[in-house]
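A.B. asks: This is the structure alone, sequence omitted:
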């Protein structure tokens with residue numbers, strides 16, 4: 001008799017265990033989904049940083065080779081690579097984040113003639129469409145000299 005009474009008390013325990021395991025499996029799947037979404041977001045941000053770095057490196061390389069550089073063409077190439085990006089070129093060494101307190105020359109535009117030697121700072125700013133409240137920046141400085 002003890003065996004029959006014990007079996008009746010445990011008759012629904014298997015279903016409860018199965019439901020708990022399904023719940024844990026569903027939570028794990030939701031965690032994996034969130035992890036993959038965050039990974040895709042990071043890849044997108046990394047691509048924008050890489051594109052900014054490439055565009056700035058391309059401009060500085062062009063300045064090393066040529067004494068006259070068209071910044072309008074470079075700016076349009078930058079806009080193509082990173083939609084909504086703004087590129088600013090200063091013919092001095094300064095900080096792109098805090099240009100008010102630094103002694104920055106006015107931003108260059110159009111076709112500029114590069115002196116020999118010439119300090120150059122290039123600033124690129126853009127906003128990520130998923131995080132518009134947090135602007136992104138890339139800055140590079142170089143001393144342009146020619147032989």
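C.D. replies: The structure has been received and is ready for your questions. What you see is a predicted model, and the numbers here were worked out from it, not measured in a lab.
A.B. asks: Centroid-nearest residue for the protein?
C.D. replies: The C-alpha lying nearest the average C-alpha coordinate of the chain belongs to residue 45 (C-alpha atoms, centre = their mean; 3.1 Å).
A.B. asks: Which helix or strand contains that one?
C.D. replies: helix 13-65 (DSSP states H and E).
A.B. asks: ok, now which ones touch the closest residue to the residue nearest to the centre of the chain other than its chain neighbours?
C.D. replies: Nearest residue to residue 45, sequence neighbours excluded (C-beta to C-beta, 6 or more residues apart in numbering): residue 128, at 6.3 Å. To be clear about C-beta, it is placed using only N, CA and C from the backbone, and glycine gets the same treatment. Shown in contact with residue 128 (C-beta atoms under 8 Å, 6 or more residues apart in numbering): 44-45, 48, 134, 136.
A.B. asks: Let me see the backbone angles for residue 128.
C.D. replies: phi -80, psi 130 (degrees, to the nearest 10).
A.B. asks: Over to residue 137?
C.D. replies: Dihedral angles for residue 137 - degrees, to the nearest 10 - are phi -140, psi 150.
A.B. asks: ditto for residue 67
C.D. replies: phi -80, psi -10.
A.B. asks: now the one 3 residues further on
C.D. replies: The phi and psi torsions at residue 70 (degrees, to the nearest 10) take the values phi -90, psi 110.
A.B. asks: Perfect, I'm done here.
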